[in-house]
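In: Build me a structure from this.
(one chain, ligands or ions: 1)
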Amino acid sequence: MTRSVDAVESVLAARLGLDAESLSPGAVERAVARRTQALDLDGPCRYLARLLEDGTEWPALVDEVVVPETWLFRDGGPFEELAAHVRSGRAPSADEPYRVLSMPCASGEEAWSAAAVLAEAGLSPREALVDAVDVSRRLVETARRGVYGAPSFRSPEAEVRLGARRLEDGRREVDASLRPYVRFHVENALEFEAGLPLPCYDAVFCRNLLIYLTPEARRRLTLRADRLLRPGGLMVLGHAEAFTTFFPGYVPSRRPRAFAAQKPADGVERGRVPAVVPRESRGGSTPRASTRSVGPRTPAAPGTVPLSSSPEAGAALLVEARRLANAGERASVERLCVRALAADPASVDARLLLAETTLAAGDSPRAEAELERVLYLAPRNETALLLLARLRDRAGDREAAARLRGRARRAARAAS
Ligand SMILES: C[S@@+](CC[C@H](N)C(=O)[O-])C[C@H]1O[C@@H](n2cnc3c(N)ncnc32)[C@H](O)[C@@H]1O
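Out: Here you go, the predicted structure:
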């Protein structure tokens, strides 16, 4: 790879938070080649100069590199959880509508699905709104059109729930009645402000972006998402994005495959978190507060070590865990790693030791999950990359294994 492509990767990391390692191998190189050709330039070096000098090139590069994968009612569970959150919460009004943020929204399927849930709950567009944000201009244009082909309709009930109308070319258009619920914005999620006093959202869908970001950008995005979400609000992540890693103080939903958790309410009794924090009742509406037992948890700052945690305590437990690992006391090692992670969820070393221990015990699914978490925190961790490659090999996914080994080689080169 040329130094110019390296430099473009650095620009993408600095402006977008994108970690080129999270994309398929050579993705940025190919994007640069396509843009170089489209602009009829003489090689990647000239392209880099154009990118840095000409502000109009940036959006075109963004459109080339982003991963646009999405579909209507993706994963199902998050939208059931949203419906439950709307039902169990305060009564929204025109002054205080129920607000959902879909960020990133890609081509808009997530935002239209949320709008359908709000409409099904009987809320009018004055009482419920969806803000949908994505950095890709091209994808937001598609989102605004609300016209989709078959790949967006993978969920069987999507067509009916969106009241979708078939067009002559076979594509389908979301029903006009949903349009007033949704506003689309072309913006960088790392900088999105909402233009309202914060926190202002009752639910934040922040799905399938963290996995593509550098550790620093993940930290920025989780802090921002937390600031945007009201206490008692619903946070939804992608299926591979763990709350224990990104929002350690949040209370996970019990709904299977909801990938959702609730932000702890301020000043609540430890171990009991209101399902929804009611706000002042307006216009005679009655706020409906509900509580559920969630077991002892300590609210913590998202994206970082929890406020109440102690990295020192975690480190001390890890020293003991390593000693026991050398002595072959596997069960105790696992227990100590879990305790070390409770004290310091950002500890890469504790997670890696836990992964190695569970792998040695033959629990491959758990080891794999832990290794993926290690890579969220430290995308260039060579040991995690190689262990995960071995697991993918065993599962017969040679292509993924080769990709991981390639990443491990690059990580080793970068470290030397
Ligand atoms: C895989 S899609 C996720 C869409 C949807 N949330 C879902 O889970 O179905 C990832 C999206 O993130 C967007 N994206 C990447 N970096 C971004 C950033 N810094 N700010 C806003 N959007 C970003 C991309 O344009 C892309 O549309």
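In: Run through the helices of the stretch 51-200 of the chain in chain order.
Out: Listed in chain order, the helices of the stretch 51-200 of the chain (DSSP state H, counting those that start in this stretch) span 57-65, 77-88, 109-120, 137-145, 158-161.
In: Repeat that for the stretch 301-416 of the chain.
Out: With helices called from DSSP H, counting those that start in this stretch, the stretch 301-416 of the chain shows them at 311-326, 330-343, 348-360, 364-377, 382-394, 398-415.
In: So for the third one, mean pLDDT?
Out: The average of the pLDDT scores along helix 348-360 is 89.
In: what does the last one give?
Out: Across helix 398-415, pLDDT averages out at 85.
In: per-residue confidence for Tyr282?
Out: Quick fix: residue 282 is Arg, not Tyr. For Arg282, pLDDT reads 28.
In: Wait, Ala265 touches Gly233, no?
Out: No: counting by Cβ atoms under 8 Å, Ala265 sits too far from Gly233 to count as a contact (9.4 Å). Yep, even glycine has a C-beta here, placed from its N, CA and C like the rest.
In: quick revisit: most tightly packed of the helices of the stretch 301-416 of the chain?
Out: Highest mean neighbour count among these (mean count of other Cβ atoms under 10 Å): helix 348-360, with a mean of 22.
In: which parts of the stretch 201-350 of the chain sit against the ligand?
Out: With the criterion set to Cβ under 6 Å from any ligand atom, the stretch 201-350 of the chain comes near the ligand through 207-209, 238.
In: Turn these into JSON lines, columns for distance to Phe246.
Out: Compiled in JSON lines, those are given as follows (distance: Cβ to Cβ, whole Å):
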{"residue": "Arg207", "distance to Phe246": "12"}
{"residue": "Asn208", "distance to Phe246": "13"}
{"residue": "Leu209", "distance to Phe246": "11"}
{"residue": "Gly238", "distance to Phe246": "10"}
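In: Report the outermost residue of this protein with respect to its centre.
Out: What lies farthest from the middle of the chain is Ala327; by Cα atoms, centre = their mean that is 38.8 Å.
In: mind checking how far Pro311 is from the ligand?
Out: Going from Pro311 to the ligand by Cβ to the nearest ligand atom, to the nearest Å gives 28 Å.
In: and Ser10, that's in a strand?
Out: No: assessed with DSSP: H, G, I helix; E, B strand; the rest coil, Ser10 is helix; it does not lie in a strand.
In: Report how many residues lie close to it.
Out: 11 (other Cβ atoms under 10 Å).
In: Return the per-residue confidence for it.
Out: For Ser10, pLDDT reads 94.
In: before we move on, the earlier item: against Asp349, how distant is the residue farthest from the centre of the chain?
Out: Per Cβ to Cβ, to the nearest Å, Ala327 is found 18 Å from Asp349.
In: got it, and Glu127?
Out: For Glu127, the distance to Asp349 - Cβ to Cβ - is 49 Å.
In: hmm, back to that, of the helices of the stretch 301-416 of the chain, which is nearest Leu221?
Out: Closest to Leu221 of those is helix 364-377 (Cβ to Cβ; 12.3 Å).
In: What is the closest one packed up against?
Out: helix 243-246, helix 348-360, helix 382-394 (3 or more Cβ pairs under 8 Å, 6 or more residues apart in numbering; DSSP states H and E).
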